[in-house]
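Enquirer: Generate coordinates for the sequence data below:
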Amino acid sequence: MSFRTPHPSHSLILDDIRGAQKMLSGVARMTPMEGSRHLSRLVGAPVHLKCENLQRTGSFKLRGAYVRIAGLRPEERAAGVVAASAGNHAQGVALASSLLGVRSTVFMPVGAPLPKVAATREYGADVRLHGHVVDETLAAAQEYARATGAVFIHPFDHHDIIAGQGTVGLEILEQCPEVRTILVGVGGGGLVAGVATAVKALRPDVKVIGVQAQAAAAYPPSLRAGRPVVVDTAPTMADGIKVGRPGDVPFAIVDELVDDVRTVSEDALSSALLLCLERAKQVVEPAGASPVAALLSTPEAFQGPVVAVLSGGNVDPLVLQRILRHGMAAAGRYLSLRLRLTDRPGALATMLGVLSVSDANVLDVGHVRTDPRLGLTEVEVELHLETKGPEHCQEVRAALQDAGYVVME
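Expert: Now for the predicted structure:
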């Protein structure tokens, strides 16, 4: 359903985005559009993936950062720029500044993933680690701007940032002119606002739908209220779209032009990331996979052809490992079980033989012998298994129970 309400007209127009596209020529890549047979079968119409995860710096953020910094006056450029980010915006600002010969300082949280910190430094920024949450990092960057005169580059709440991100919409219409629905992940709203401005100006019949993580969904209540409101966010794997309050500038555009904003669960996000990796051969971060999560959650809800924007691919390998395990569990392909055996020679081998017959792949086995709940001759075994889906999980449980084992979750 739509939450759209009347709102004063915003200032961003198609010519701004076309101007940004000219500015970005030779800087940002026209990222590829890849078809997905699996998602097309699921939706019942063609589904294409707009691969902004293959953009320079690994996300769409370079587009807006470059347009914003390129538009600074000479005296502003001389003062340098400053930004606060845990990842994609940091890298976009760092590279854009280097390309334009502008000094950049980027504040990042102390716990930011090391690959993202290293990449931001390699793109030319002076990286300063400050704070344990993004709000603390943001405050430090703004204080630095006040103290030094550096221009603060906001990740989404600025006209030029949104114009740059809107070039994604122009590319979608060029690469898939028959598109009827575009799905875009939403945090602060800069990308979806830019895409909606470009697309609605040229193809008002195309639906533009935003997607947020359920744990950090500020737009639905804000749209109902008719103004940006602050929400408490919970932990989510989609940290790239974890924003507690929509930006004022993108909110006005989203309120006027975006057809709907949907939310997706953590299970859907992890399943989407796994699907992108296995079926589309695309490394995508959870925030970037949110449009695919929406397709998996309600495939019947979208009129095709559909374009899902994969907005970024910067994911820490250790985080990716955890998310993929979560995704396999959500898809019924990873099963954890506990059961008790008599502690005698050959008991474990006998139990593993049952699993072998049931065609479950054992990933890990753990033994507990010292728990006071165990009998004198008992041992508890924890199993981590790779399975073929929900039905196979039930078959594995049934095989163990038929063999006389008590299976505990």
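Enquirer: now whichever strand or helix holds Val168: how far from the chain's centre is it?
Expert: For Val168, the host element (DSSP states H and E) is helix 159-175. Between the mean C-alpha point of helix 159-175 and the mean C-alpha point of its chain there is a distance of 19 Å (CA atoms, centre = their mean, to the nearest Å).
Enquirer: got the buried residues for that helix?
Expert: 159-173 (16 or more other CB atoms under 10 Å). For the C-beta atoms, the positions are set from N, CA and C on the backbone; glycine is no exception.
Enquirer: which is the next helix or strand following the helix or strand containing Thr120?
Expert: Assigned by DSSP H and E, Thr120 belongs to helix 114-122. From helix 114-122 onward toward the C-terminus, using DSSP H and E, the following helix or strand is strand 126-129.
Enquirer: Partner strands of that next one, with direction?
Expert: strand 104-108 (parallel) (DSSP bridges).
Enquirer: which residues sit against the partner strand?
Expert: Defining contact as CB atoms under 8 Å, 6 or more residues apart in numbering, one finds that strand 104-108 is touched by 80-86, 90, 93-94, 97-98, 116-117, 120, 124-131, 137-138, 140-141, 144, 150.
Enquirer: can we see that at 6 Å?
Expert: The contact list for strand 104-108 (CB atoms under 6 Å, 6 or more residues apart in numbering) reads 81-84, 90, 93-94, 97, 117, 120, 125-130, 137, 140-141.
Enquirer: same deal with stretch 82-98?
Expert: By CB under 6 Å, 6+ apart, stretch 82-98 touches 57, 59, 61-62, 65-66, 69, 81, 104-109, 112, 116, 119-120, 123-125, 134, 137-138, 141, 144-145, 150, 152-153, 155, 312, 314.
Enquirer: Buried residues in stretch 138-151, which are they?
Expert: Buried residues in stretch 138-151 (16+ other CB under 10 Å): 138, 140-141, 144-145, 150-151.
Enquirer: In CSV, list the residues you listed along with distance to Pro177 and secondary structure.
Expert: Shown next, in CSV, are these (distance: CB to CB, whole Å; DSSP: H, G, I helix; E, B strand; the rest coil):
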residue, distance to Pro177, secondary structure
Leu138, 40, helix
Ala140, 45, helix
Ala141, 41, helix
Tyr144, 45, helix
Ala145, 42, helix
Ala150, 42, coil
Val151, 38, strand
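Enquirer: hmm, which of the contacts of stretch 82-98 are the buried ones?
Expert: The neighbour count (16+ other CB under 10 Å) marks 57, 59, 61-62, 65-66, 69, 81, 104-109, 112, 116, 119-120, 123-125, 134, 137-138, 141, 144-145, 150, 153, 155, 312, 314 as buried among the contacts of stretch 82-98.
Enquirer: where in this structure is pLDDT low?
Expert: Along the chain, the model assigns pLDDT under 70 to residues 1-10, 330-332, 343, 367-377, 409.
Enquirer: Quick one: work out the angle between the helix holding Thr120 and strand 104-108.
Expert: Angle, helix 114-122 to strand 104-108, by axes from the mean of the first three to the mean of the last three CA atoms, to 10 degrees: 170 degrees.
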